[in-house]
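J.: next input, structure requested:
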Amino acid sequence: MLLLVCLLIGQYDFTIGRLKYDGGGDWYANPSSLPNLLQEVSERTNVRAAPRDENIEVTDPKLFEYPYLYMTGHGNVYFTDEEVMILKDYFAAGGFLHADDNYGMDSSFRREIRKVFPESPLVEIPFDHPIYHVFYEFPEGLPKIHEHDAQPPQGFGVFYEDRLVVFYTYECDLGDGWEDPDVHNDPPEKRESAFQMGINIVLYSLTH
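T.: Predicted structure coming up:
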């Protein structure tokens with residue numbers, strides 16, 4: 001509640017913590033994506049967003065200063081036992097993680113997030129969930145940004161005490177849609193749908 005009040009009165013600069021993880025995956029992929037998303041959040045909503053994201057490791061004491069974490073990549077993800085315990089505390093304290101598969105991190109992410117929530121598996125989020133309707137309407141769930149395996153996009157989540165704390169976008173690749181236009185040459189309507197969904201995720205995480 002305090003975070004929401006600060007946002008509404010304009011005394012808080014929201015930013016996204018880009019999660020640095022071990023295992024060999026390229027956690028740093030799509031470097032222009034989050035600054036572009038933050039700009040759109042700032043321009044379209046009453047959230048005063050910072051101009052860029054910040055890289056953060058799980059073991060950094062500043063982790064709890066970031067209400068919203070984002071992770072992406074094409075390769076392996078690995079959390080140590082210490083990181084698992086810290087992430088448990090982070091989510092219990094109200095933190096939120098958006099994991100965005102950039103094609104190739106699916107199996108390792110599912111394995112590692114199971115270490116954090118062994119009794120709360122990833123479940124597919126129904127299309128009537130508020131994350132698809134909080135600001136923009138997505139009655140059919142996630143938009144399809146990149147082809148990958150030509151499968152429909154899916155949004156999965158982990159709930160902690162009835163609160164969605166992990167949102168996993170699969171076969172979707174929102175981060176590619178947020179990148180500078182000349183990186184992937186996505187048509188404007190595809191980039192627009194990616195930004196709209198990204199704004200929904202940010203606003204949902206800050207208000208629920």
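J.: mind listing the helices for the protein?
T.: 2-8, 33-44, 81-92, 106-116, 174-178, 181-184, 188-207 (DSSP state H).
J.: for residue 26, which of those is the nearest?
T.: helix 174-178 (11.5 Å; Cβ to Cβ). The way it works is simple: take the backbone N, C-alpha and C, and place the C-beta from them, glycine included.
J.: mean confidence for that closest one?
T.: Average pLDDT, helix 174-178: 96.
J.: against residue 91, how distant is residue 126?
T.: Distance from residue 126 to residue 91, counting by Cβ to Cβ, to the nearest Å: 21 Å.
J.: between the two, tell me which one has more neighbours.
T.: residue 91 (21 against 9; other Cβ atoms under 10 Å).
J.: from what I can see the more buried one touches residue 116, true?
T.: Yes. Look at residue 91 against residue 116 with Cβ atoms under 8 Å: they come within range, at 7.5 Å.
J.: how long is stretch 127-141 end to end?
T.: 5 Å (Cα to Cα, to the nearest Å).
J.: now for this structure, the helix or strand with the poorest mean pLDDT.
T.: helix 2-8 (a mean of 40; mean pLDDT, DSSP states H and E).
J.: nearest to residue 144, out of the helices of the chain?
T.: helix 188-207 (8.4 Å).
J.: quick one: buried residues of that closest one?
T.: By neighbour count on 16 or more other Cβ atoms under 10 Å, the buried set for helix 188-207 is 190-191, 193-206.
J.: again with stretch 153-160
T.: 153, 154, 155, 156, 157, 158, 160.
J.: and these, which two are the farthest apart?
T.: Taking Cβ to Cβ as the measure, the buried residues of stretch 153-160 span a maximum distance of 23.8 Å, between 153 and 160.
J.: run through who's touching stretch 142-151.
T.: 103, 132, 152-155, 169, 171-174, 176-177, 184, 186, 190, 193-194, 196-197 (Cβ atoms under 8 Å, 6 or more residues apart in numbering).
J.: quick one: mean pLDDT over it.
T.: Stretch 142-151 comes out at a mean pLDDT of 87.
J.: ends of it, how far apart?
T.: 12 Å.
J.: would you mark the buried spots in that stretch?
T.: Residues 142, 143, 144, 145, 146, 148 are the ones in stretch 142-151 that count as buried (16+ other Cβ under 10 Å).
J.: okay, and which of those map to strands?
T.: In this view, those have no member that belongs to strands under DSSP state E.
J.: nearest to residue 98, of the residues you listed?
T.: Among these, and counting by Cβ to Cβ, the member closest to residue 98 is residue 142, at 11.8 Å.
J.: give me the distance between the closest residue to the closest one other than its chain neighbours and residue 168.
T.: Once flanking residues are discounted, residue 142 sits nearest to residue 153: 3.9 Å by Cβ to Cβ, 6 or more residues apart in numbering. Between residue 153 and residue 168 the computed distance is 11 Å (Cβ to Cβ).
J.: same question for residue 97.
T.: Distance from residue 97 to residue 168, by Cβ to Cβ: 9 Å.
J.: so what's in contact with those two at the same time?
T.: Shared contacts of residue 97 and residue 168, defined by Cβ under 8 Å, 6+ apart, are absent.
J.: any stretches of the chain with poor pLDDT?
T.: Residue ranges of the chain with pLDDT under 70: 1-12.
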